[in-house]
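> Generate a structure from the sequence data that follows.
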Amino acid sequence: MLKWLWLSALIIALDQWTKNLASELLRPHEPVAVSPFFNLTLMHNTGAAFSFLSQEDGWQRWFFIVLAVAVSVVIIVWMHRLATHEKWLAAALALMVGGALGNAWDRVQHGYVVDFIQLYYKTFYWPAFNVADSAITVGAVMLIVESFRGAKKSA
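Down below sits the predicted model:
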């Protein structure tokens, strides 16, 4: 099922393209309203999800790069072992690999991850994210759905 790595490559390309656009067109921390619940806001995240470890002195950059590459290798091996009928699972894993490597590329290139999508409701703001983060999230949700589908089949 490694043929699904085209989806990973597409996510990486789309992620890098949108991050480059955001970096060229937006100013850091200056929201551009798109709708009553959605801003484009350029932010640089040196940490992980929700800026976890962002206040550290720089070691986290290399930790997250190594972690993303290691997890991606494990997932690619998993994909290689999938049966040809496991398309949903292959797509989920490919999304996660594309997202992980898209953010890892940012860390290698810049030392931080470029985030620019900001959702909010009244005064509650969800932390800014990007296409790679979205792909990881969708892939994880698909993986959870697949686990429930698999549990039903074996019951």
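> Grab the nearest non-local neighbour of residue 78.
Leaving aside its chain neighbours, residue 78 sits nearest to residue 93 (6.2 Å; criterion: CB to CB, 6 or more residues apart in numbering). Every residue, glycine included, has its C-beta placed from N, CA and C.
> Spit out the contact partners of the one you found.
Applying CB atoms under 8 Å, 6 or more residues apart in numbering to residue 93 gives the contacts 4, 75, 78-79, 82, 139, 143.
> where's residue 28 relative to residue 83, distance?
Counting by CB to CB, to the nearest Å, the gap from residue 28 to residue 83 is 46 Å.
> how about the helices in this structure?
Counting by DSSP state H, the chain has these helices, from start to end: 5-25, 59-80, 87-110, 131-154.
> buried residues in the third one?
For helix 87-110, the buried set under the neighbour-count rule, 16 or more other CB atoms under 10 Å, comprises 89-107.
> Give me the angle between that helix and helix 131-154.
Compare the direction of helix 87-110 with that of helix 131-154 by axes from the mean of the first three to the mean of the last three CA atoms, to 10 degrees and you get 160 degrees.
> Return the members of the contacts of residue 93 classed as buried.
Burial by neighbour count, judged by 16+ other CB under 10 Å, picks out 4, 75, 79, 139 from these.
> want to throw the contacts of residue 93 into CSV with pLDDT and distance to residue 115?
As requested, those are exported to CSV (pLDDT from 0 to 100; distance: CB to CB, whole Å):
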residue, pLDDT, distance to residue 115
4, 97, 26
75, 98, 23
78, 97, 28
79, 98, 27
82, 97, 31
139, 98, 18
143, 97, 23
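> could I get those residues as TSV with distance to residue 61?
Supplementary listing: the contacts of residue 93 in TSV, determined by distance: CB to CB, whole Å:
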residue	distance to residue 61
4	29
75	21
78	26
79	27
82	32
139	23
143	27
